[in-house]
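**Student:** Everything below, folded, please.
(2 chains)
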There are 2 protein chains.
Amino acid sequence: MPLETPPGYQALSEETLPAFLNALPAVAGRLGGGPSDWTVSEVGDGNLNLVFIVEGPDGDCCVKQSLPYVRLVGEGWPMPLERAFFEHECMRHHGAHVGALIPEVYHYDPAQFCIVMERLSPHIIMRQGMIKGVRYPKFVEHITDYCAASLFYTSDLYLTAPEKKNIMGVFCGNTELCKITEDLIFTEPYMIAERNRWTAPQLDGIAEEFRNDAELKVAISRLKLKFMGLGQALIHGDLHTGSVMITEEDTRVIDPEFAFYGPMGFDIGAVIANLLINYFSQDGHATPDDPREDYQTWVLQVVEDFWTEFRRKFVALWRENGRGDGYPAALFQGAEGAAALDKERESYMDALFTDTLGFGAAKMIRRILGLAHNIDLEWIEDPDVRAACETRCLRLARDMMVNTGRYGAIGDVTAAARRTRAEL
Amino acid sequence: MPLETPPGYQALSEETLPAFLNALPAVAGRLGGGPSDWTVSEVGDGNLNLVFIVEGPDGDCCVKQSLPYVRLVGEGWPMPLERAFFEHECMRHHGAHVGALIPEVYHYDPAQFCIVMERLSPHIIMRQGMIKGVRYPKFVEHITDYCAASLFYTSDLYLTAPEKKNIMGVFCGNTELCKITEDLIFTEPYMIAERNRWTAPQLDGIAEEFRNDAELKVAISRLKLKFMGLGQALIHGDLHTGSVMITEEDTRVIDPEFAFYGPMGFDIGAVIANLLINYFSQDGHATPDDPREDYQTWVLQVVEDFWTEFRRKFVALWRENGRGDGYPAALFQGAEGAAALDKERESYMDALFTDTLGFGAAKMIRRILGLAHNIDLEWIEDPDVRAACETRCLRLARDMMVNTGRYGAIGDVTAAARRTRAEL
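**Tutor:** Take a look at the predicted model:
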């Protein structure tokens, strides 16, 4: 029996999409010609949704539609259509501040739970480029602009409390997507769970070790509690390198359907985690003709620059636009007030760094011991080589999560990554 | 021009209330007889609402109705009628777990924004009893039952994340009441603000000192950020001794219209703060015939017992009913898991203790330098005596907020209170 959907909802297809778009003058005009001139191809390679690319004589667009279930699994795992609503809401709120760092939205259809948006071309998924060893010289500049603006402008540092609570109240409805994160990232990798998988038998030992590691389980549970309880900003919620479409010149963040009011460190940690996973995975992609040592050096440089630039930009936004109810300007007048607030901003960023390391570590572990893996590692064919890369990644992550206080600066993280790779 | 209200809303009066209640069979039946047999008196001595006591031949009730403005100030300070909705929602959620520690609700009327509830008699406002030096031997037992249950059962330790977010989303609408707290407690006492008042000129110096105290302003701003961002539990939001109706045998918590998902320490700190304010105020109420030294000893004992018992009960509830998504039971199986979780529970309570001290200090300061004062202190007629009591209270609060780490246990707080009283 098919899952129940609201009246009027119909999963779109390559056949039905042209008529749907033809009813949207702004979109039809952009494509040019008529429906018979448009070519449609379904390209969704993600886990959840339908994604179509539509090309017309004058232009193109991308259509993303929710299905009432997880596409990867099928109807056995129902998933609310409303995730398209939350994705669009997030794009609306972030879009006001991050400009062209996300795709332009042409139309949101609440009945079909679909977003018609800019088609990104010749962009590719950043993760795929990184697996090939492609460098993106503008990535740090762009992603730090995105992170600093999306987080700052939705935080208590910029918004009044009622402005924030109004948005937060809406995203309190995005419980089912949050629940996926709560289960798959913060819980299941640390217990015996049906959905877990890992490179077996090579990682059987470390997987068991993690399941019996009381310190680690306390640490992940603290992070989970923070994820569920600390509404710092409207976070993307799934900010890995698979949510970045990129060229050497341009960077776009996509897929914020997991968005909600949560801890900023979850987004920042996701970026760092996915860079570190790629770093460790390169040993499985290197060949004599294509050694990856230099690329690994570049990746760690990106990790360092990412945090450093994000921190600088976030603090700069705060200094310039700190109109929110948090740290109200009225309390920090004059030279002494300004100095005290400047010092406090550094403490704030230090705390965010600590959160970042914990959440980043959680993201690294779930990609190796939980349900959803990264192709950075999955595409390493030799299981022994893959397991070696994964083990290094797990060892570093465990230390970052449990001994977070030992990492005082981002250079300590990259140094630990280098050391872990050299020693294990 | 009167403030606009929704169609059908009408402020009730002693004249119109009987007809209103007569249309509610359950209430009319409880009162007995007919409307002409009922006596109605408006008794609202609070700052915000209309409150009526209705007595009939067989029974009685209390009716609390929102006005579209702050009663104390008038139409110049509009206030949303919906506060009655939030108060009733909070009573509903807490009521499921705290039983008769809050008044029984007979009827909620969404159009009139009014709650018809149990009339508490012969209860008095606890603050008024304490000013007279009355001891309440059951208070600690009852209020710790209330605090432990209301906070635990609405936290991530008991609820699943979707259960919690559903409630949280509703209370994200209670922004205007939260804003009062954000402004009057966390901001205005630390700056020049029209609504501030204090015992002048005696406290002019310390008020200015606080306004120039950068450490203190950073500390209060951190607390404010936590108040706005940390959704730990459905908190009462205004849990002072004026929100407690009491006899020697019975204790009821009223007036949760400030309720929202916030930090637990805000409620716990409110209780401790108001006990400490009373402690310091007793030197202004003592007379040769009615010395208050013994009473002050009792008050500090209540402070200690309150925290100790709350902590014990909260942890016990967590151990017995920790079914929530926080610290999931599945991760803490077996003897080693249980031991790790038990240790973590102590860390959790230590962190809550730290929050409690900060929020408690904030509550003490706002009652002396901000808009709303406590009659504990206000009823001291001699301004020099009052200012002396207030100064002690402010000195202790400042230390609790800025040097929180020095208070490792509740005994450190009561010792500091004694020391402050002896030395200043």
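**Student:** Going by C-alpha atoms from here, please, whenever you check contacts or count neighbours.
**Tutor:** Will do.
**Student:** State the distance from the residue positioned nearest the centre of chain A to chain B.
**Tutor:** Centroid-nearest residue in chain A, with Cα atoms, centre = their mean: residue A:239, separated by 1.0 Å. Here the criterion is Cα to the nearest Cα, to the nearest Å. By it, residue A:239 lies 21 Å from chain B.
**Student:** now that residue, what's its secondary structure?
**Tutor:** coil (DSSP: H, G, I helix; E, B strand; the rest coil).
**Student:** who's in contact with it?
**Tutor:** For residue A:239, the contact set (Cα atoms under 8 Å, 6 or more residues apart in numbering or on different chains) comprises A:253, A:256, A:267, A:268, A:270, A:271.
**Student:** pretty sure the third one is touching residue A:236, no?
**Tutor:** Think residue A:267. Yes: assessed by Cα atoms under 8 Å, residue A:267 is found in contact with residue A:236 at 6.5 Å.
**Student:** Show me which of these two is the more surrounded one.
**Tutor:** Using other Cα atoms under 10 Å in any protein chain shown as the criterion, residue A:267 and residue A:236 rank with residue A:236 on top: 29 against 23.
**Student:** Spell out, range by range, the helices that occur in the stretch 251-400 of chain A.
**Tutor:** Assigned by DSSP state H, counting those that start in this stretch, the helices in the stretch 251-400 of chain A fall at A:264-285, A:293-321, A:334-369, A:375-378, A:383-402.
**Student:** What angle do helix A:383-402 and the first one make with each other?
**Tutor:** By that I understand helix A:264-285. 160 degrees (axes from the mean of the first three to the mean of the last three Cα atoms, to 10 degrees).
**Student:** again, but for the second one
**Tutor:** Relative orientation of helix A:293-321 and helix A:383-402, computed by the same axes, to 10 degrees: 30 degrees.
**Student:** Could you dump the helices of the stretch 251-400 of chain A into CSV and include mean pLDDT?
**Tutor:** Formatted as CSV, the helices of the stretch 251-400 of chain A follow (pLDDT from 0 to 100):
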stretch, mean pLDDT
helix A:264-285, 98
helix A:293-321, 98
helix A:334-369, 97
helix A:375-378, 97
helix A:383-402, 98
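**Student:** so of those helices, which one's packed in deepest?
**Tutor:** helix A:264-285 (a mean of 25; mean count of other Cα atoms under 10 Å in any protein chain shown).
**Student:** Briefly note if it comes near chain B.
**Tutor:** No: counting by Cα under 8 Å from any Cα of the partner chain, chain B has no neighbours in helix A:264-285; the shortest distance is 11.7 Å.
**Student:** May I have that helix as CSV, with CA atoms only?
**Tutor:** What follows is helix A:264-285, C-alpha atoms only, in CSV (Å, rounded to 0.1, in the frame of the first residue of the first chain):
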residue,chain,number,x,y,z
MET,A,264,26.8,26.4,15.4
GLY,A,265,29.7,24.0,16.0
PHE,A,266,27.6,21.3,14.2
ASP,A,267,28.0,23.1,10.9
ILE,A,268,31.6,24.2,11.4
GLY,A,269,32.5,20.7,12.6
ALA,A,270,30.9,19.1,9.6
VAL,A,271,33.1,21.0,7.2
ILE,A,272,36.3,20.2,9.2
ALA,A,273,35.3,16.6,9.6
ASN,A,274,34.7,16.0,5.9
LEU,A,275,38.0,17.7,5.0
LEU,A,276,39.8,15.4,7.5
ILE,A,277,38.0,12.3,6.2
ASN,A,278,39.2,13.3,2.7
TYR,A,279,42.7,13.8,4.0
PHE,A,280,42.9,10.3,5.5
SER,A,281,41.2,8.8,2.4
GLN,A,282,43.9,10.1,0.0
ASP,A,283,46.2,7.3,1.0
GLY,A,284,43.7,5.0,-0.6
HIS,A,285,43.6,7.0,-3.8
